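A.B. asks: Next come a sequence and a model predicted from it.
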Amino acid sequence: LDRLRPGMLLLADRNFLGHRLWTAARARGTHLLWRATLAKPRLPVQHVLPDGSWLSTLRDPADARAWRRNVARNKKRGHNPPRPRPVKGVTVRVVEAWITATVDGRARTEKYRLVTSLLDPHAAPAGDLVALYARRWVVETGIREIKTVLLSGRALRGQTPIRALQELWATLVVYQAIRLLISQAALTTGLDPSRISFTAARDTVEHALATTPADADRCLDWTCHHLGQQLITRHTHARMFPRALKNTLHRYPYRGKTRQPTSNKASYQIHPA
């Protein structure tokens, strides 16, 4: 939470939505767009907005527990139920949509419920929020580039927590440096950064490690021009990597054949719920 800043938009998967964590993140001035399960928490419709979304209240669990105790106490004493009172909580906006992902000709449709702190439907239309949340899945592509392309599937070599942490930070620094180089090459050639191959950028950086400081500027220009020609045919936004369970680590090497998950082209269609 201490990394959050005003003006940021934080996306999160389901099972993170809760009053305590929500209010703590909002206290940093960050706007939120989190997925919620269809069953819990209950987000009743209080006011329907023009784009089909609605305003609701993310109820404070302490207030909900106090209400249930009052109801149980009155019922035990034979009294009438307590009088309705305003619900304590945070006002949120709920967006529901059907998202269809088509992979290798097979379609899968699932209903998504998103909760956001952006209450103005004109500043943040529901369709844009759902499309933005679908882009969150691209982070798995970035994780795969770190584990498979940059580390070549090898585990960290550090045998102590401090050495493993040092190696992890070094890996993230190298990954970020390659990403900055890709962005610079895309800006120079007027391309979308997702069109440039990360593997080609890694290999180009390896060849440029022996460059002297005097030739750094000339090497950077050549690198950007070279990366501008190492294009992939399809954008990474339309890729999907299937989830795979890792094999249990054993003392002895595995002699069988392990099938590696491959990248598949996926297309998404979004329909309001």
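C.D. replies: Done, it's in.

A.B. asks: Relative to L191, how far out is Q184?
C.D. replies: Distance of Q184 to L191, computed by C-beta to C-beta, to the nearest Å: 11 Å. C-betas here are computed from N, CA, C, even on glycine.

A.B. asks: for L151, same thing?
C.D. replies: 27 Å.

A.B. asks: ok, now G105?
C.D. replies: Applying C-beta to C-beta to G105 and L191 gives a distance of 29 Å.

A.B. asks: what does L156 give?
C.D. replies: Applying C-beta to C-beta to L156 and L191 gives a distance of 33 Å.

A.B. asks: What are the boundaries of the strands in the stretch 1-150 of the chain?
C.D. replies: Taking DSSP state E, counting those that start in this stretch as the test, the strands found in the stretch 1-150 of the chain are 9-12, 31-36, 47-48, 54-59, 89-103, 106-116.

A.B. asks: Could you tell me how many residues sit around the residue nearest to E145 when sequence neighbours are not counted?
C.D. replies: The shortest distance from E145 to any non-neighbouring residue, by C-beta to C-beta, 6 or more residues apart in numbering, is to F198 (5.0 Å). Neighbour count of F198, defined by other C-beta atoms under 10 Å: 23.

A.B. asks: Also I178?
C.D. replies: Counted with other C-beta under 10 Å, I178 comes out at 18.

A.B. asks: how near is the closest residue in space to it that isn't next to it in sequence to V115?
C.D. replies: Using C-beta to C-beta, 6+ apart and skipping the chain neighbours, the partner closest in space to I178 is A201 (5.2 Å). Going from A201 to V115 by C-beta to C-beta gives 37 Å.

A.B. asks: what do you get for I196?
C.D. replies: In terms of C-beta to C-beta, I196 sits 35 Å off from V115.

A.B. asks: ok, now R20?
C.D. replies: Distance check for R20 against V115: by C-beta to C-beta, it reads 15 Å.
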